[in-house]
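1. Structural data only, the sequence is not supplied:
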């Protein structure tokens, strides 16, 4: 039935919850709302352009549509940044690039000093930003950074713990 605790949660449930994806909240909401707004305004402008500016033709309408789609794609990409942990590692999807890391590659998790998002120190001496945990989310971001640090420690333990 469970682990006997009053919450009814098992150790497997807690571990699964610990491994849920990291996603920003504020940036996700804002960029998705902006994407919808841009799409609507692009459609309105595309339809209204011939009547408000007859000197502009189909090529101009196509250009406006392409610009609107490009802005919408950028907003979608920003809204889809994440970090997805699993038992073998962490997949970080930032604005432009995605990278897969084994837990052993992550040395530490940093989120202090006014950083806009979590930064991972890697075993090869490099660093990697994790845009899925953003300072704009306030205390939620702090809790998510602690959860990521807990995952790194959990998966980096060795038998000797050295």
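-> That came through fine. For clarity, every value in this text was computed on a predicted model and none was experimentally measured. Residues are numbered from 1 along each chain as shown.

2. Which element, helix or strand, includes residue 44?
-> Taking DSSP states H and E as the definition, one finds residue 44 inside helix 26-52.

3. Show residues contacting the lengthiest strand in the chain.
-> As assigned by DSSP state E, the longest strand anywhere in the chain is strand 127-134. Here strand 127-134 makes contact (C-beta atoms under 8 Å, 6 or more residues apart in numbering) with 21-24, 26-27, 81-83, 92-95, 99, 101, 111, 116-122, 141, 144-145, 148. C-betas here are computed from N, CA, C, even on glycine.

4. downstream neighbour of that strand in the secondary structure list?
-> On the C-terminal side of strand 127-134, the nearest following helix or strand under DSSP H and E is helix 139-156.

5. Next, the angle from the worst-scoring helix or strand of the chain on mean pLDDT to helix 139-156.
-> The weakest-scoring helix or strand in the chain, judged by mean pLDDT, DSSP states H and E, is helix 11-18 (a mean of 78). Going by axes from the mean of the first three to the mean of the last three C-alpha atoms, to 10 degrees, helix 11-18 is angled at 120 degrees with respect to helix 139-156.

6. which helices and strands sit right next to helix 11-18?
-> helix 139-156 (3 or more C-beta pairs under 8 Å, 6 or more residues apart in numbering; DSSP states H and E).

7. So, low pLDDT: which residues of this protein?
-> Within the chain, the stretches with pLDDT under 70 are 1-8, 158-162.

8. thinking again about what came up before, mark which of the contacts of strand 127-134 are part of strands, please.
-> 82-83, 92-93, 99, 101, 117-122.

9. Buried subset of those residues, written for ChimeraX?
-> The buried residues among those can be selected in ChimeraX (16 or more other C-beta atoms under 10 Å) with this line:
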select :82,83,92,93,101,117,118,119,120
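
10. could the ones in strands among the contacts of strand 127-134 go into a markdown table alongside distance to residue 42?
-> Below are the ones in strands among the contacts of strand 127-134 laid out as a markdown table (distance: C-beta to C-beta, whole Å):
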| residue | distance to residue 42 |
| --- | --- |
| 82 | 27 |
| 83 | 31 |
| 92 | 31 |
| 93 | 26 |
| 99 | 32 |
| 101 | 38 |
| 117 | 29 |
| 118 | 34 |
| 119 | 36 |
| 120 | 37 |
| 121 | 42 |
| 122 | 40 |
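
11. Tell me who's in contact with the nearest residue to residue 72 once chain neighbours are set aside.
-> Computed as C-beta to C-beta, 6 or more residues apart in numbering, the closest residue to residue 72 that is not its neighbour in sequence is residue 35, at 4.7 Å. Contacts for residue 35 were tallied using C-beta under 8 Å, 6+ apart; they are 71-72, 75-76, 79.
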